[in-house]
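Asker: Sequence plus the predicted model coming up.
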Amino acid sequence: MAGSDDDRKVLVERRGAVQVVTINRPAARNALDADVARAVAAAMDELDADDGLRAGVLTGAGGIFSAGMDLKAFLRGESPAIPGRGLCGITQTPPRKPLIAAVEGWALAGGFELVLACDLVVAARTARFGVPEVKRSLVAAGGAALLLPQRVPRAVALEMLLTGEPVDAGRAAAVGLVNRLVDEGGAVDAAVELATAIAANGPLAVAATKQVVLSAPAWGPEEAWARQEEIVRPVFGSEDAREGSTAFAERRAPVWRGR
């Protein structure tokens with residue numbers, strides 16, 4: 001996108017092997033419109049396509065993650081969903097590589113559904129999460145009703161979905177939604193640190209592990225081991241697998257080639 005950082009709705013930067021994607025509409029509480037959706041989806045495509053990138057971080061500017069869909073844009077006929085891919089192109093088709101949400105302030109409605117599309121969550125202690133759709137006689141159909149019960153106990157998911165009341169970061173961490181709690185203002189740096197630790201590992205193994213974890217709930221017990229074998233067999237036969245063992249034996253850092 002052309003223009004200054006102030007007028008770009010989504011900012012993308014690299015920190016080593018980590019891609020940091022920032023929704024940049026703080027005056028609109030980082031509300032999601034069609035421009036944001038296309039830009040986030042494009043950034044996720046870049047993350048998966050670029051061998052130099054190993055993990056991503058998704059965050060919001062100005063001390064808030066996202067308040068959800070831009071209702072003014074919605075009334076103009078815009079949608080923050082990408083056909084066949086979901087909200088911002090990631091709720092139905094998340095990237096193949098790991099994605100971490102770095103949450104400051106509010107993550108509400110569609111903003112919270114973006115958090116749920118991420119694999120891990122780092123949050124400031126002042127962050128808050130909520131799905132208030134039922135308060136407007138709407139349904140959290142952008143991913144929360146489907147994904148939240150997979151991330152937290154069902155009773156907790158139902159409480160959030162049926163009351164529409166938010167939870168603070170402390171409770172979100174206690175029920176397993178948040179991986180790491182940090183001081184206010186520190187979410188992005190902590191998320192990049194976590195992403196960097198992931199990026200140091202074999203990229204084929206990381207991608208296959210994520211694929212197994214996300215796919216396993218749809219597998220029946222009689223097929224699970226066979227389906228897992230289909231995904232992991234190429235990893236065990238890869239150059240990177242041999243490099244990992246060789247580097248361990250030689251007491252050096254491995255050099256991954258992604259093949």
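Answerer: Cool, the structure landed.
Asker: Give me the nearest residue to residue 152, chain neighbours excluded.
Answerer: Nearest non-adjacent residue to residue 152, counting by C-beta to C-beta, 6 or more residues apart in numbering: residue 175, 4.5 Å away. Just so you know, the C-beta spots here come from the backbone N, C-alpha and C atoms, and that holds for glycine as well.
Asker: got the contact list for residue 172?
Answerer: Residue 172 is in contact with 121, 123, 127, 129, 178, counting by C-beta atoms under 8 Å, 6 or more residues apart in numbering.
Asker: what's the first-to-last distance across stretch 68-85?
Answerer: 17 Å (C-alpha to C-alpha, to the nearest Å).
Asker: I'd like the mean pLDDT over that stretch, please.
Answerer: In this model, stretch 68-85 has a mean pLDDT of 84.
Asker: Contacts for that stretch next, please.
Answerer: Contact with stretch 68-85 is made by 28, 31-34, 36-38, 41, 87-89, 91-93, 108-113, 142, as judged by C-beta under 8 Å, 6+ apart.
Asker: Give me the distance from that stretch to the chain's centre.
Answerer: 19 Å (C-alpha atoms, centre = their mean, to the nearest Å).
Asker: quick one, strands of this protein?
Answerer: Along the chain, counting by DSSP state E, strands occupy 10-15, 18-23, 55-60, 81-82, 86-87, 99-103, 106-108, 120-124, 128-130, 167-168, 180-182.
Asker: Tell me what angle the third one forms with strand 99-103.
Answerer: The reference is to strand 55-60. Strand 55-60 runs at 30 degrees relative to strand 99-103, counting by axes from the mean of the first three to the mean of the last three C-alpha atoms, to 10 degrees.
Asker: what's the answer for the first one, then?
Answerer: Here strand 10-15 runs at 110 degrees with respect to strand 99-103, directions being taken by the same axes, to 10 degrees.
Asker: Let me see the mean pLDDT of strand 10-15.
Answerer: 96.
Asker: Neighbouring strands - and their directions - for it?
Answerer: strand 18-23 (antiparallel) (DSSP bridges).
Asker: Contacts for the partner strand, please.
Answerer: Against strand 18-23 from outside (C-beta under 8 Å, 6+ apart): 9-14, 30, 32, 36, 40, 43-44, 46-47, 50, 53-61, 65-66, 188, 192, 195-196, 199.
Asker: Give me the pLDDT for the closest residue to residue 215 other than its chain neighbours.
Answerer: Nearest non-adjacent residue to residue 215, counting by C-beta to C-beta, 6+ apart: residue 227, 7.0 Å away. Looking at residue 227, its pLDDT reads 94.
Asker: What of residue 160?
Answerer: Model confidence at residue 160 (pLDDT) stands at 95.
Asker: That one and residue 89: what is the separation?
Answerer: 24 Å (C-beta to C-beta, to the nearest Å).
Asker: Also residue 40?
Answerer: Distance from residue 40 to residue 89, by C-beta to C-beta: 6 Å.
Asker: Residues contacting the helix of greatest length in the chain, please?
Answerer: Of all segments of type helix in the chain, defined using DSSP state H, the longest is helix 34-49. By C-beta under 8 Å, 6+ apart, the list of residues contacting helix 34-49 from outside reads 1, 9-10, 12, 19, 21, 23, 25, 53, 56, 58, 70, 73, 78-82, 85, 87-90, 94-97, 99.
Asker: for that helix, which positions count as buried?
Answerer: 34-44, 46-47 (16 or more other C-beta atoms under 10 Å).
Asker: Which residue is the nearest non-sequential neighbour of the residue nearest the centre of the chain?
Answerer: Centroid-nearest residue in the chain: residue 118, 1.9 Å away (criterion: C-alpha atoms, centre = their mean). Leaving aside its chain neighbours, residue 118 sits nearest to residue 101 (3.9 Å; criterion: C-beta to C-beta, 6+ apart).
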